[in-house]
Structures are given as C-alpha cells and as structure tokens.
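**Student:** Starting from these lines, generate the structure:
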Amino acid sequence: QVQLEESGGGLVQGGDSLRLSCAASGRTFSNYAMGWFRQAPGMERKFVAGINRSGGSTNYADSVKGRFTVSRDNAKNTMYLQMNSLKPEDTAVYYCAASGMPLPIPTMPAHYDFWGQGTQVTVSS
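**Tutor:** Numbering: from 1, shown residues only. Next up is the predicted model:
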C-alpha cells in the first residue's frame, strides 16, 4: 500500500504560478512511476504529467507543455508539479497517483494503483 497526500493548491490569478507537492508513504517510492491528473466539474479525470521511477524521463499533456514541470525527489518520497503561466482552464482538482505497472510513464488512470485525495487549484481570469 502507498499513501499519497497532495498539497499546495489554492486560488490564484491568471499568469500566476503554483507548486504542488505529493508526499508518499508506505512502500518504496522509487518502485513507482508517478503521475499528476486533474478533474474539472462534470469532466473525466485527465492525465497532466508523469515521471518515471528514476526521475529521468517525463511526459506531459499537450495543454500544459512548456508551462508545467514535473519532478521527484526519491530521497524525500515526494513528487512536485511546478505550474507556471496558469490559465482559467487549468482550474480543477489535481490528483497525484502511483503506478506499479511495467510501463515507463502510464497516462491512463486505470494504470495507476494508488491515489491521493486531491487538491483544488482555481485560476481566476
């Protein structure tokens, strides 16, 4: 079992930045690929960014490329999402997730085994 807890969400204006953190506990953090997903009201949960077990490879949704950066610190059992140039359409609940599947960076929610409770990000125009 892996427990995940997100933090760092909040209310910001368009163009501002936020840094989300995902703290993991339980099993060995470096055994899992990690991902960030987001879900807006009435919408399905969508992949935002992911990072492989070592942190040497990342993947991003087209909508956030060039604005968001995912990273991880395996010594601290923590993953981060640096979000710059935020837009109102980035408003959603953001979830971190851990995957034990034999894939470098899964992008489907079904490929993730453990989830955090989510943190709200609201971007005003």
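**Student:** do you know how far the residue most central in space within the chain is from residue 22?
**Tutor:** Centroid-nearest residue in the chain, with C-alpha atoms, centre = their mean: residue 36, separated by 2.1 Å. Distance from residue 36 to residue 22, counting by C-beta to C-beta, to the nearest Å: 8 Å. For every residue, glycine as well, the C-beta is placed using N, CA and C.
**Student:** Ok, residue 51 next?
**Tutor:** Noted for residue 51: a distance of 10 Å to residue 22, by C-beta to C-beta.
**Student:** what do the two both touch?
**Tutor:** 34, 79 (C-beta atoms under 8 Å, 6 or more residues apart in numbering).
**Student:** Please say which of those two ends up with more neighbours.
**Tutor:** residue 22 (27 against 23; other C-beta atoms under 10 Å).
**Student:** quick check, the more buried one in a strand?
**Tutor:** Yes - counting by DSSP: H, G, I helix; E, B strand; the rest coil, residue 22 is located in a strand.
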